[in-house]
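S.K.: return atomic coordinates for the entry below.
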Amino acid sequence: MTVLIVAHGQPSDPEPPEAEMRALAARVALDLPGRTVLSATLAAPDALRNALQGHDNVTVFPFFMADGWFIRTLLPRRLAEAGAVGARILAPFGLLPGTASLAVDVLSEALSLREWRAEETTLVLAAHGSGRSPYPADAARALQSDIAMHLRFAESRLGFIEEAPELVEVAEAAGPRALCLPLFVARWGHVEDDIPAALHAAGFRGDSLPPLGTDPRVPALIARAIVAAG
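M.R.: Next up, the predicted model:
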């Protein structure tokens, strides 16, 4: 079986994300013996077509936080254009049950490292959102709810880059004992530019954590999801 891990990438500079995705695919492959694990980003011209060349019976794992327009519309169209009409598209990273558990673990470890109690800490979740689809916001709210079931933060705030409430609004007056967790898969675009700018504008005095998708446990999580899908 061939597995293709697909991410959005970075249109302004597509090659670094392509290299990151190749490294991710190699790590996932360590837990999937006997399977070919490929990668591509939608932002790199012809990357999807080139990755699929010579492969059939492809299972696609979307390395996205939600199943919005990119997965529901653009990805199937791009797969068809690349000749992979029958490719099976799995649930994206952000909707896996294990992703919520990972977020809880990441936040629990961050609290322990700082010797903070959740009840005395404000959580700020930074998400992408969308002006044309409700699904990205729905996925972020689902993660927020899952986290709240396990960690009772003093406040849990969710802010978006591309819809209201904006991150700059929800990050204001969070206080020094606050954690910001970006609900993104990588350190591209928004994570490098928009999130720091919003936090700066809000006067955010807490600590910013790495984007959830960069945690070292992610490759094993992806491999388990692929195995579970059959």
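
S.K.: per-residue pLDDT, the nearest residue to Ile71 once chain neighbours are set aside?
M.R.: Of all residues not flanking Ile71 in the chain, Pro62 sits nearest, at 5.1 Å (CB to CB, 6 or more residues apart in numbering). Where C-beta positions appear, they are placed from N, C-alpha and C, glycine not excepted. At Pro62, the pLDDT value in this model is 98.

S.K.: surely Pro62 meets Phe93?
M.R.: Yes: at 7.0 Å, Pro62 counts as touching Phe93 under the criterion of CB atoms under 8 Å.

S.K.: before we move on, what SS does the most centrally placed residue in the chain have?
M.R.: Closest residue to the average C-alpha location of the chain: Val185 at 3.0 Å, with CA atoms, centre = their mean. Classification of Val185 using DSSP: H, G, I helix; E, B strand; the rest coil returns coil.

S.K.: by mean pLDDT, which helix or strand of this protein comes out lowest?
M.R.: The helix or strand of the chain with the poorest confidence is helix 69; it has a mean of 89 (mean pLDDT, DSSP states H and E).

S.K.: ok, and for the longest helix anywhere in the chain, which residues are buried?
M.R.: For the chain, the helix with the greatest residue count under DSSP state H is helix 97-114. Across helix 97-114, burial judged by 16 or more other CB atoms under 10 Å covers Gly98, Thr99, Ala100, Leu102, Ala103, Val104, Val106, Leu107, Ala110, Leu111.

S.K.: helices or strands up against the helix or strand following that helix?
M.R.: Once the chain leaves helix 97-114, the next helix or strand it forms, by DSSP states H and E, is strand 122-127. Strand 122-127 is packed against helix 135-150, strand 155-160, helix 167-170, strand 178-182, with contacts defined by 3 or more CB pairs under 8 Å, 6 or more residues apart in numbering; DSSP states H and E.

S.K.: return the most buried member of the ones you listed.
M.R.: strand 178-182 (a mean of 24; mean count of other CB atoms under 10 Å).

S.K.: give me the mean pLDDT for that one.
M.R.: 98.

S.K.: partners of that strand, with directions?
M.R.: strand 122-127 (parallel), strand 207-208 (parallel) (DSSP bridges).

S.K.: same question for the next helix or strand along the chain from it, mean pLDDT?
M.R.: Later in the chain than strand 178-182, the nearest helix or strand by DSSP H and E is helix 194-202. The average pLDDT for helix 194-202 rounds to 97.

S.K.: please save the CA atoms from helix 194-202 in CSV.
M.R.: The C-alpha coordinates for helix 194-202 follow below in CSV (Å, rounded to 0.1, in the frame of the first residue of the first chain):
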residue,chain,number,x,y,z
ASP,A,194,0.5,36.4,12.1
ILE,A,195,0.4,34.7,15.5
PRO,A,196,3.4,36.5,17.0
ALA,A,197,2.1,39.8,15.5
ALA,A,198,-1.3,39.3,17.1
LEU,A,199,0.2,38.3,20.5
HIS,A,200,2.5,41.4,20.4
ALA,A,201,-0.4,43.7,19.5
ALA,A,202,-2.4,42.2,22.4
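
S.K.: coming back round to it: what's the residue nearest to Ile71 sitting at in phi/psi?
M.R.: In terms of degrees, to the nearest 10, the main-chain angles of Pro62 are phi -80, psi 120.

S.K.: quickly note the distance from it to Leu199.
M.R.: Applying CB to CB, to the nearest Å, the value for Pro62 to Leu199 is 28 Å.

S.K.: sorry, back to before: of the buried residues of helix 97-114, closest to Gly203?
M.R.: Nearest to Gly203 among those is Ala110, at 20.8 Å by CB to CB.
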